[in-house]
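Trainee: I'd like to go over a predicted model; first the sequence, then the structure.
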Amino acid sequence: MAIDLESLTDGVLHAIRKGEAASAPALSFLLQRYLATERADVRDALEPALAAALDQPFDAMSAADRAPYLTAFVDAAPLADDDRPRAVVSSLVSSLRAAWTTTTRVDESAAIVEACLTAAAVLDPRTIVPDAVDELERVIGLVYQPGRGLASDLRTPAGPPGGLNDHVQAASALLTAYSATARIPYAMLAEELMQFIRRSLWDDEEGVFAAIAGSHAHPFLGNCAAARVWCRLAALHAQDDYRAAAVTAPDAAYRAEAARVLVARPVVLAASGMAGAVYGLALLEWLAL
């Protein structure tokens, strides 16, 4: 791969030493790197960064900004020495659930619901999963148009197709819902959405997705998220039981598709410093296949 995990880790650590606050992806990435390597410098940076993140004024953040921190704290909760991460997880779930009825953008709605679903790993899933999948079904049901992907705004469900973030966030949430419920149609729809943007948003010259149809913008975060979804689909396709039960895209090569994004010039150039954590999380999923 174009960038190795050690370089990405060092870049995130350097950014923290310079005084940058650790992003939510950085917390998740450093946690995974410490579990894999037990590097003392990673531990020494991660512990105060996590403590600072837990003390943030989350009420002052948008729901979309809170969602990735919820995921990071879910990752950290089983390893923490106290109950603070679990308590913050519970509080964030409550606040994000309250935002379900007020959020109108599809990408934000999907990200919020998915974050709540991940919290089922440390909270009682019976209190989270049923309502979260109902909300996801409501959102997708409003904006999904067979053969035309998703609209971008819940207020105008018959509007033009949404962009990269709408489809990738929805596909990711559907895959998380599948993991929580084993309902195969969720994973199949995730695959359909990724196939749709592969046809409509792919820039073959650059080897990445455009933000919207006809755009020359190639968003780093959206493309890294797309690579992660492709990795998750590749993992599903490797399971005999899943292939036997699901209708899957013929000749799918999702691991190769993810690799193409991760070596693409626009993505590699942006994967430095704190942003390298986003790339690193995608690379970790690719290496796990």
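Mentor: Looks like it arrived, so ask away.

Trainee: Run through the stretch 1-150 of the chain and note the low-pLDDT ranges.
Mentor: Scanning the stretch 1-150 of the chain for pLDDT under 70 picks out the ranges 2.

Trainee: any idea how far residue 150 is from residue 165?
Mentor: As judged by C-beta to C-beta, to the nearest Å, residue 150 and residue 165 stand 10 Å apart. To be clear about C-beta, it is placed using only N, CA and C from the backbone, and glycine gets the same treatment.

Trainee: and these two? which has more neighbours close in?
Mentor: residue 150 (27 against 23; other C-beta atoms under 10 Å).

Trainee: Show me what the more buried one is bridged to.
Mentor: residue 144 (DSSP bridges).

Trainee: Run through the helices of the chain in chain order.
Mentor: Secondary structure of the chain (DSSP state H): helices at 5-17, 24-37, 40-54, 63-76, 84-99, 106-118, 129-143, 164-181, 184-200, 220-237, 240-245, 254-262, 265-270, 276-287.

Trainee: Closest to the centroid, which residue in the protein?
Mentor: residue 225 (5.6 Å; C-alpha atoms, centre = their mean).

Trainee: Kindly give the local confidence score, pLDDT, for that residue.
Mentor: For residue 225, the pLDDT comes out at 98.

Trainee: check contacts around it.
Mentor: 165, 168-169, 172, 282 (C-beta atoms under 8 Å, 6 or more residues apart in numbering).

Trainee: Out of the residues you listed, who's the most crowded?
Mentor: residue 168 (30 neighbours).

Trainee: quick one: contacts for that residue?
Mentor: 107, 194, 197, 222, 225-226, 229.

Trainee: Out of those, which end up buried?
Mentor: 107, 194, 197, 222, 225-226, 229 (16 or more other C-beta atoms under 10 Å).

Trainee: From residue 209, how far out is residue 264?
Mentor: From residue 264 to residue 209 the distance is 10 Å (C-beta to C-beta).

Trainee: okay, and the common contacts of those two?
Mentor: Common neighbours of residue 264 and residue 209 (C-beta under 8 Å, 6+ apart) are 218, 223.

Trainee: Those two - which one has more neighbours?
Mentor: residue 209 (31 against 19).

Trainee: is the more buried one in a bridge, and if so with what?
Mentor: Residues in beta-bridge contact with residue 209 (DSSP bridges): residue 202.

Trainee: wait, isn't it in contact with residue 166?
Mentor: No. Judged on C-beta atoms under 8 Å, residue 209 makes no contact with residue 166 at a distance of 11.9 Å.

Trainee: In this model residue 151 seems to touch residue 161, though I could be wrong.
Mentor: Yes. Applying C-beta under 8 Å, one finds residue 161 in contact with residue 151, separated by 6.8 Å.

Trainee: any shared contact partners between the two?
Mentor: residue 145.

Trainee: still on that earlier bit, which one of the buried ones among the contacts of residue 168 is nearest to residue 289?
Mentor: When the buried ones among the contacts of residue 168 are ranked by distance to residue 289 (C-beta to C-beta), residue 229 comes first, at 12.9 Å.

Trainee: contacting residues around that closest one?
Mentor: Applying C-beta under 8 Å, 6+ apart, the residues contacting residue 229 are 168, 171-172, 175, 190, 194.

Trainee: Ok, residue 151 next?
Mentor: 106, 142-143, 145, 157-162, 166.

Trainee: Residue 88 contacts residue 54, correct?
Mentor: Yes. Between residue 88 and residue 54 there is a contact at 5.5 Å, judged by C-beta under 8 Å.

Trainee: quick revisit: need the buried ones from the contacts of residue 151 selected in ChimeraX.
Mentor: In ChimeraX syntax, the buried subset of the contacts of residue 151 is picked out as below (16+ other C-beta under 10 Å):
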select :106,142,143,157,161,162,166
